[in-house]
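Peer 1: with the input below, show me the fold.
(one chain, ligands or ions: 1)
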Amino acid sequence: MPCACQDLDVANELMRLLTESGVKVLEGTTVDEFSYVPPPGADDEYIKMKLNDGSTMETDLFFAATGRFPVGKNEETGLASAGVDIADRGMINIDKKTLITSTKNVYAAGDVIGAPALASTSMEQAQRAVTSMFCEGESDSALDSSHDDPLSIGVWTIPEMGYYGLTKEQAEKDGYTVVEGSVKFDACLRGRVFAPDGLLKLVVDANEGTVLGVHIIGKEAAEMVHYGMALVKGETKIFEILSTVYTAVTFHELFKEAAFDANSKLDFGVEWQEIFNVLQSECGIDFSEEFLREKFESIDEDGSGELDEQEMRALFSSMGRPVSKRVISNIMRLSDEDGNGTIDFGEFSAIFDKISCPPIE
Ligand SMILES: Cc1cc2nc3c(=O)[nH]c(=O)nc-3n(C[C@H](O)[C@H](O)[C@H](O)COP(=O)(O)OP(=O)(O)OC[C@H]3O[C@@H](n4cnc5c(N)ncnc54)[C@H](O)[C@@H]3O)c2cc1C
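Peer 2: You can find the predicted model right below:
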């Protein structure tokens with residue numbers, strides 16, 4: 001799984017909230033020229049900036065966030081003379097698993113090895129480096145993953161953001177068919193009363209219902225993302241979230257609301273889960289199209305291409321898989337899109353496409 005990326009809807013929501021609070025965002029803008037001008041009749045100076053689009057802007061304060069860069073190449077670090085391999089941008093090159101450098105007995109962790117350069121990752125890297133110092137050559141489960149495995153991200157904007165796992169675009173690139181379950185913070189009572197600004201989104205595998213990514217902007221987003229991370233890491237399905245009782249009145253209720261939204265976009269949502277459980281409880285039938293069509297046609301005596309409730313029941317019995325009247329009624333209700341009270345072969349075989357019985361050898 002690649003590193004978590006910012007979701008576009010979350011980014012747009014931040015822009016909307018910033019703009020609403022009076023922040024003017026100028027994208028793709030650089031300052032070509034600064035000059036200091038005294039305001040008329042005042043002793044202080046203020047700053048006049050000429051922007052790259054030719055316009056001017058005046059301000060009493062200019063603050064630049066220029067980023068950080070490693071200084072491994074600087075001679076006074078002594079790294080080069082110790083034979084430590086330094087990358088072009090000044091980072092120390094390390095083995096990703098053990099964090100050892102190119103020089104025996106020299107390990108590196110933290111900002112000096114480059115991105116993501118965070119407090120949390122630096123601490124984990126330090127632990128890993130010490131573990132590898134004392135477990136050289138031994139297998140240690142602490143070293144199984146790579147130090148740059150995916151992270152949960154917290155961004156300290158107002159309101160804050162948190163995300164983990166795949167965006168819709170990344171998931172689609174990885175071959176998933178995706179639905180998104182998205183809710184505004186005011187979809188839960190705590191949000192509605194105390195912090196209505198923000199949204200929570202689940203990126204969900206449309207075939208399995210598994211949560212692939214969680215993206216949040218709003219109050220406590222950087223806290224809540226850890227629950228989202230557990231959902232993604234545990235390959236949790238939204239059906240499990242829907243059957244979970246969340247404490248009222250908490251922001252975590254948003255996970256259930258988002259799961260409801262995703263469920264409403266699935267062809268075979270939570271309403272189908274009981275039916276699938278019943279139908280696949282005893283595997284052993286190869287539900288090939290040929291097999292299903294043969295059975296379907298043998299029951300569809302008048303050749304109408306549609307089965308009613310009674311015929312559906314007979315069909316399941318003929319496959320050695322009798323099901324209750326209640327399950328049949330649910331299948332009819334959920335499959336019968338045109339509401340004419342019957343099921344055609346396409347609707348019928350789609351149900352069995354979803355049943356994961358291993359094929360008969
Ligand atoms: C403004 C700002 C905001 C940040 N916000 C966040 C955030 O919200 N979340 C997050 O996860 N991360 C954040 N970070 C990043 C985080 O602080 C760093 O990634 C983390 O501190 C790196 O840990 P480190 O041990 O590699 O380096 P440092 O924490 O920089 O520790 C290096 C230590 O080495 C000491 N040192 C340097 N040279 C020598 C020497 N020659 N001899 C002895 N000691 C020396 C330094 O004094 C320092 O104490 C932020 C950073 C900045 C600058």
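Peer 1: what residues does the protein put near the ligand?
Peer 2: Taking C-beta under 6 Å from any ligand atom as the contact definition, the chain meets the ligand at G110, D111, A117, L118, A119, S120, S122, W156. Glycine gets a C-beta too; all of them are placed from N, C-alpha and C.
Peer 1: restricted to buried residues, select the residues you listed in ChimeraX.
Peer 2: Command for ChimeraX that selects the buried part of the residues of the chain next to the ligand, burial taken from 16 or more other C-beta atoms under 10 Å:
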select :110,111,117,122
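Peer 1: nearest to Q170 among the residues of the chain next to the ligand?
Peer 2: L118 (20.5 Å; C-beta to C-beta).
Peer 1: dump the residue contacts of the residue nearest the centre of the chain.
Peer 2: Per C-alpha atoms, centre = their mean, the C-alpha nearest to the average position across the chain is that of G213, at 1.3 Å. When contacts are counted by C-beta atoms under 8 Å, 6 or more residues apart in numbering, G213 is found next to 4, 7, 163-168, 170-171, 202-203, 232.
Peer 1: now the residues of the chain next to the ligand in JSON lines, with secondary structure, distance to A87 and pLDDT?
Peer 2: Rendered in JSON lines, the data for those read as follows (DSSP: H, G, I helix; E, B strand; the rest coil; distance: C-beta to C-beta, whole Å; pLDDT from 0 to 100):
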{"residue": "G110", "secondary structure": "coil", "distance to A87": "15", "pLDDT": "93"}
{"residue": "D111", "secondary structure": "helix", "distance to A87": "13", "pLDDT": "92"}
{"residue": "A117", "secondary structure": "coil", "distance to A87": "14", "pLDDT": "87"}
{"residue": "L118", "secondary structure": "coil", "distance to A87": "19", "pLDDT": "89"}
{"residue": "A119", "secondary structure": "helix", "distance to A87": "22", "pLDDT": "92"}
{"residue": "S120", "secondary structure": "helix", "distance to A87": "22", "pLDDT": "89"}
{"residue": "S122", "secondary structure": "helix", "distance to A87": "17", "pLDDT": "92"}
{"residue": "W156", "secondary structure": "coil", "distance to A87": "28", "pLDDT": "95"}
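Peer 1: could you work out the most separated pair of the residues of the chain next to the ligand?
Peer 2: Put simply, by C-beta to C-beta the two of the residues of the chain next to the ligand set farthest apart are G110 and W156, 19.7 Å from each other.
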